[in-house]
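Asker: No letters, just coordinates:
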């Protein structure tokens, strides 16, 4: 069974940092890209970043470039999202899932888990 356990969210002031973790199991970690997606209250879910586990290549949406860093630990089957210089608009529930990348498009392969809530106060 494919499972993702997200953790590391919390309440932080604007300008602060958080590090999210995504522990994955139930599939061959090296064969997939893993992406972080987020859903803010009243808004549609959006992709934030992904990492190709096979070669370590990464992608970020413009709104987080230079502030967020995605990384992975193949031994622990865990993906991290280091979030610096957080803004109130980063407030959302963050999810990680296997991600299908097709050209400039990328989308989630798995159903959404519980995620981890990030709240950034102004």
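Answerer: Noted; the coordinates are in hand. Since the model is a prediction, treat every value here as computed from it, not as a measurement.

Asker: C-alpha from now on. contacts and neighbour counts both.
Answerer: Will do.

Asker: and residue 57, what is it in contact with?
Answerer: Residue 57 makes contacts with residue 51, as judged by Cα atoms under 8 Å, 6 or more residues apart in numbering.

Asker: gap between it and residue 69?
Answerer: Remark: distance between residue 57 and residue 69 (Cα to Cα, to the nearest Å) = 12 Å.

Asker: what do you get for residue 108?
Answerer: The spacing between residue 108 and residue 69, counted by Cα to Cα, is 19 Å.

Asker: Same question for residue 76.
Answerer: Where residue 69 is concerned, residue 76 sits at a distance of 18 Å (Cα to Cα).

Asker: which one's the longest strand in this protein?
Answerer: Ranked by residue count under DSSP state E, the longest strand found in the chain is strand 92-102.

Asker: For the helix or strand just after it, which helices and strands make contact with it?
Answerer: Downstream of strand 92-102, the first helix or strand assigned by DSSP states H and E is strand 105-108. Strand 105-108 sits against strand 92-102, with contacts defined as 3 or more Cα pairs under 8 Å, 6 or more residues apart in numbering; DSSP states H and E.

Asker: Now the strand it packs on: buried residues?
Answerer: By neighbour count on 16 or more other Cα atoms under 10 Å, the buried set for strand 92-102 is 92-101.

Asker: For it, which outside residues touch it?
Answerer: Contact with strand 92-102 is made by 4, 6, 22, 32-41, 50, 106-119, as judged by Cα under 8 Å, 6+ apart.

Asker: and the residues you listed, which are buried?
Answerer: In those, the ones that pass as buried (16+ other Cα under 10 Å) are 4, 6, 22, 32-40, 50, 107-108, 115-119.
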